[in-house]
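In: generate coordinates for the sequence data below:
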Amino acid sequence: MEIVPTLTERVTSYPVDILTNRDWDALKQSSEAYLSRLSEGDEESIEWFCLTNGEQLPVTPSAVTFLHVHKEVSEHRILALLHRQDNQAVVALYLGGRWWSLADTLRTSNSARRELVQVQSVAEQIVLYLLNRIIYRKREFLPGNPLFLHHSANQFAKVFWKDGEAVGFYTVQQKGSLCTDHTSQCYQLPVLDTVFVRRTHQRQGIALKILQDFCCTFCEDEAVGISRPISAAMYKVCSKYLPSRPRDQDCLWEVEAPGDWSQRVNVWLQIQMGDVPSVNSAGGGNSSLHSPGEERSQGSTDGDIIGQSPRANACDPHPEVILEPSEAIGGLASDSQALTGQSSGESNMIEGKKEEARSEADTATGRRRRDTGLLEASNLKQVKLTAPPLCD
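Out: Residues are numbered from 1 along each chain as shown. Sure thing, here's the model as predicted:
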């Protein structure tokens, strides 16, 4: 029996660099042609794929399957090789006429591809899918975190590249986009939807760079949002970012879809009032923002191979954010819990400071609404001015 090894040798270019001009149709035709040849082959011409640990896996029709990259487009799929001892473990992908290890599909040889790069090409969409549905869902998922949905084909997303490797991403629901396919409601502002940083690259300030990039990318919008509820981890990131960004303090909101003014709460105001999970405590485990029902009942199923998973609470798309484990800091505490054991004088002082913060924030919010035309004067006229940009 002839063995044709397919080694994961060191290469000068990777799929994300090679497939820059490849479309989904070409990728589909290449995969189907290979699968046809594989089905017609005999045992004497079996192809083998060598893992980095030296283990060799036979490439047979029963060991490969198609992965659906986008839930709404069934033609957007890639051919994957599964481990023979675990038919849910993806070990390689067939791209550009050859098999690539999962690690290599997340690498780049382009030195200009560093930090946050917007997802545009087919290969970059595949990288986003792998980080979302394979790396996080299959390898780095922790109990208590939400499972991520498939991203749509036209999803605004950026991948974070570091030292030639994709280590994280964030996605945005853009202003004017539909909340779901089953409603006519549209987002009224850009909303940060999902954030993920790989475990080996956490606690390196990547989440802070993501938040800054999100605000700067949409600096021409008068407001940007993060979906409710915001986790303690994300509030800690906001508490580091906002003090040095006074212009953003009036523009960053915690929102519910579709995000009209009655569905927004100012993030900086929440931090100043202390009505958020503590940003000074330390905790363990990844923290997430999520809709309570989203995919949580499915666990680690074979959704990556079979297809799409519907959003349980489709018109309330809370973001699913995975950040540094040390930044997961527990839940909300009421004012009464926070003041337990303090004297009434101390309580009054704290309440006075909160009232002062509320007054100052209300004044700032009133000025902002008046300047942006969102506050009517006696229902007779509106004052319309250009809102300040989000970025310096």
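
In: got the residue ranges for the helices in the chain?
Out: Shown for the chain, the helices assigned by DSSP state H span residues 15-18, 24-40, 102-105, 122-129, 206-217, 232-241, 246-249, 267-273, 303-306, 335-338, 344-371.

In: flag whichever of the ones you listed has the least confidence on average.
Out: Of all the helices of the chain, the segment with the smallest mean pLDDT is helix 303-306, scoring a mean of 28.

In: contacting residues for Leu178?
Out: Ser184, Gln185, Cys186 (CB atoms under 8 Å, 6 or more residues apart in numbering). All C-beta atoms are positioned from the backbone trio N, CA, C, and that covers glycine.

In: pLDDT wise, what is it at?
Out: For Leu178, pLDDT reads 86.

In: same question for Ala112.
Out: For Ala112, the pLDDT comes out at 93.

In: tally of neighbours for it?
Out: 7 (other CB atoms under 10 Å).

In: just Ile18 next, same as before
Out: Counted with other CB under 10 Å, Ile18 comes out at 17.

In: Phe160 versus that one, what's the distance?
Out: 21 Å (CB to CB, to the nearest Å).

In: wait, what's in contact with Phe160?
Out: Glu115, Leu116, Ala166, Val167, Gly168, Phe169, Tyr170, Val197, Ile206, Lys209, Ile210.

In: what's the most distant pair in those?
Out: Ala166 and Lys209 (14.6 Å; CB to CB).

In: which one's more surrounded, those two?
Out: Just comparing Ala166 and Lys209: by other CB under 10 Å the higher neighbour count belongs to Ala166, 23 against 18.

In: with adjacent residues omitted, what lies nearest to the more buried one?
Out: Excluding the flanking residues, the one nearest Ala166 by CB to CB, 6 or more residues apart in numbering is Leu106, at 4.5 Å.

In: go ahead and confirm the one you found touches Phe169.
Out: No: Leu106 is beyond contact range of Phe169, at 11.1 Å (criterion: CB atoms under 8 Å).

In: overlap in contacts of those two?
Out: Leu131.

In: give me the buried entries from the contacts of Phe160.
Out: Leu116, Ala166, Val167, Gly168, Phe169, Tyr170, Val197, Ile206, Lys209, Ile210 (16 or more other CB atoms under 10 Å).

In: pLDDT score assigned to the second one?
Out: On the pLDDT scale, Ala166 is placed at 97.

In: so how far is Met273 from it?
Out: For Ala166, the distance to Met273 (CB to CB) stands at 38 Å.

In: what is the least confident helix or strand in the chain?
Out: The helix or strand of the chain with the poorest confidence is helix 303-306; it has a mean of 28 (mean pLDDT, DSSP states H and E).

In: report the contact partners of the spatially closest residue to Arg198 that is not a sequence neighbour.
Out: In this structure, Arg198 finds its nearest non-sequential neighbour in Val167, 4.7 Å apart by CB to CB, 6+ apart. By CB under 8 Å, 6+ apart, Val167 lies in contact with Phe160, Trp161, Val197, Arg198, Thr200, His201, Ile206.

In: next, count neighbours for the nearest residue in space to Asp104 that is not next to it in sequence.
Out: Spatial nearest neighbour of Asp104, chain neighbours left out: Tyr14 (5.5 Å); criterion: CB to CB, 6+ apart. Using other CB under 10 Å, Tyr14 is surrounded by 23 other residues.
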